[in-house]
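> Here's my sequence, what's the structure:
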Amino acid sequence: MRHYDLVVIGSGPAGQKAAIQAAKLGKRVCVVEKSRDLGGVAVNTGTIPSKALREAVMHLTGRSKRGFFGRSYRVKHDITIGDLIAISQRVIHNEWDVIADAFDRNDVELIKGTAHFEGPQLLQIVREDDAEMITGDRFVIAIGTRPARPESIPFDAKTIFTSDELLRLNALPKSMIVVGGGVIGTEYACMMATLGIRVTLVEGRDHVLGFLDDEIAEAFQYQMRQAGITLRLGEKVECIDKLEPDAARNGHAPLVQATLESGKKLRAQSLLFAVGRQGMCGKLGLENVGLEFDDRERLKVNEHYQTTVEHIYAAGDVIGFPALASTAMEQGRHAVCHMFDQPTFSMPDLFPFGIYGIPEISMVGKTEAQLTDEGIPYEAGIAHYKEIARGQLLGDETGMLKLLIHQDDRRILGVHAIGTGATELIHIGQAVMAFNGTADFFVHNVFNYPTLAEAYKVAALNGTNKLMHV
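Residues are numbered from 1 along each chain as shown. Model (predicted):
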């Protein structure tokens, strides 16, 4: 029976970084992965494929260059699902190679199969044709999550599906209902609309992406409507049904009907259900180690990502918020440093969010609503891309960057961006905030010209002028 200093369950971002960190410390490490492919949700069905799909959509439709070359600009007119998937697969295959190479170089053993605890130190690995037992001194659970699939919804992976199945469609539909105005729902709604698909998005709250700064959310909703997306906000879906084809109205294509609590009936050729994600702890045999999970099969951990069982840690989506690939990596690394008594900094509170809609959105720090609720005096400095030469060169005249500046000490309290390159641009503000920097850093700094980074100087000048009542 093989024995390891650390057994990591799951090869997603948290599992990868946990395993490699332990290997760097000279520990014998294995990663148990039940799927055929490495990388977890982030590489195979979530982060990487959806962003690769977005890049393909932006390029092939010419969307990213229309502001510069005109509304009629288009790289390819008849875009097929094959065009989009081909680009995604190239990126995914590259990620598989990168992960496998990192494991090989660091002597991390990879064990394929489904893991199940038989005892506090004992793990059973089940494969299609055999099984084995391994033991470990410590464990990291990094199994991620899956899209929620309520039993009342007749999923068929063709007309009614989650984000996992969307990437495996045989053809693009002409119309789509998206249920859920969170990150996944809005990202895919934007992509589908850019491809010319008629999209209706249903969200139970009064606005999409409820964690965003209100001004950014309003700007994003305006852009979604401009793209042809119908927003049904403050509406909840009561039931979802498949309808028989109606030759008189619809040829031979089946229809999906979403009935809202308000009585409205929405119909389309397809429906993407993107409301919440579900943990997968129920099949891990955690009762055999005295570990409990919540009603969404997520684990509770302390500040070191340690569960209530001392030698078992958990990281990534399986522990809930913020459920980002970026934070999962740090959680996995931090967990291993703690379990092997290595000094490390705690996970920073200051981390960015990125939403890859069309346009991009990113934020770090506080929103205006949060600062108001906390009674913190602030001023907002704004720069519009149309003021920035680089914005003109990119053909993006609707983007903007907003700095929230403390009225007394001029510290940067929050940075919010919408537009081309927002998810890259945000890190400048993040770095300045991490060192308690002020708006004066941007006022007196020199930026390459022309760049989008100049927006920081423009926004800082706008905000500090307001503070001086200019």
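
> Burial check on residue 82, number of neighbours?
Counted with other C-beta atoms under 10 Å, the neighbours of residue 82 add up to 9. Any C-beta I mention is one placed from the backbone N, CA and C, and that applies to glycine too.

> Show the model's pLDDT score for it.
On the pLDDT scale, residue 82 is placed at 78.

> so it sits in a helix?
Yes - looking at residue 82 with DSSP: H, G, I helix; E, B strand; the rest coil, it is inside a helix.

> ok, so what distance separates it from residue 187?
21 Å (C-beta to C-beta, to the nearest Å).

> for the record, mean pLDDT for the longest strand anywhere in the chain?
Looking across the chain with DSSP state E, the single longest strand is strand 131-141. The pLDDT scores in strand 131-141 average 97.

> What is the distance between that strand and the centre of its chain?
Offset of strand 131-141 from its chain centre (C-alpha atoms, centre = their mean, to the nearest Å): 29 Å.

> Mind picking out the helix or strand in the protein with the poorest mean pLDDT?
helix 247-250 (a mean of 48; mean pLDDT, DSSP states H and E).

> which is the next helix or strand following it?
strand 255-260 (DSSP states H and E).

> hmm, who's touching that next one?
With C-beta atoms under 8 Å, 6 or more residues apart in numbering as the contact definition, strand 255-260 has outside contacts at 159-160, 177, 179, 202, 232, 235-243, 245-246, 265-271.

> Give me the buried entries from the residues you listed.
In the contacts of strand 255-260, burial by neighbour count holds for 159-160, 177, 179, 202, 232, 235, 237, 240, 266-271, counting by 16 or more other C-beta atoms under 10 Å.

> Counting only strands, which of those residues make the cut?
Using DSSP E, 160, 177, 179, 202, 232, 237, 240, 266-268, 270-271 are the members of the buried ones among the contacts of strand 255-260 that sit in strands.

> Can you pull out the low-pLDDT segments for this structure?
63-77, 245-252, 347, 470 (pLDDT under 70).

> Can you give the domain ranges for it?
For the chain, automatic domain parsing gives the domain ranges 2-146+278-339, 160-273, 359-467.

> And the shortest one, end to end?
By that I understand domain 359-467. With C-alpha to C-alpha, to the nearest Å applied, domain 359-467 spans 30 Å between its terminal residues.

> for the first one, same thing?
Counting by C-alpha to C-alpha, you get 21 Å between the two ends of domain 2-146+278-339.

> what about that domain, distance to the chain center?
13 Å.

> where along the stretch 1-150 of the chain do the helices fall?
13-24, 40-44, 47-61, 66-69, 81-105 (DSSP state H, counting those that start in this stretch).

> re earlier: the domains of the chain: which one's closest to residue 350?
For residue 350, the closest of the domains of the chain is domain 359-467, at 5.8 Å, according to C-beta to C-beta.

> what about the residue lying closest to residue 24 once chain neighbours are set aside, neighbour count?
Among residues not flanking residue 24 along the chain, residue 106 sits closest, at 6.8 Å (C-beta to C-beta, 6 or more residues apart in numbering). Neighbour count for residue 106, taken as other C-beta under 10 Å: 14.
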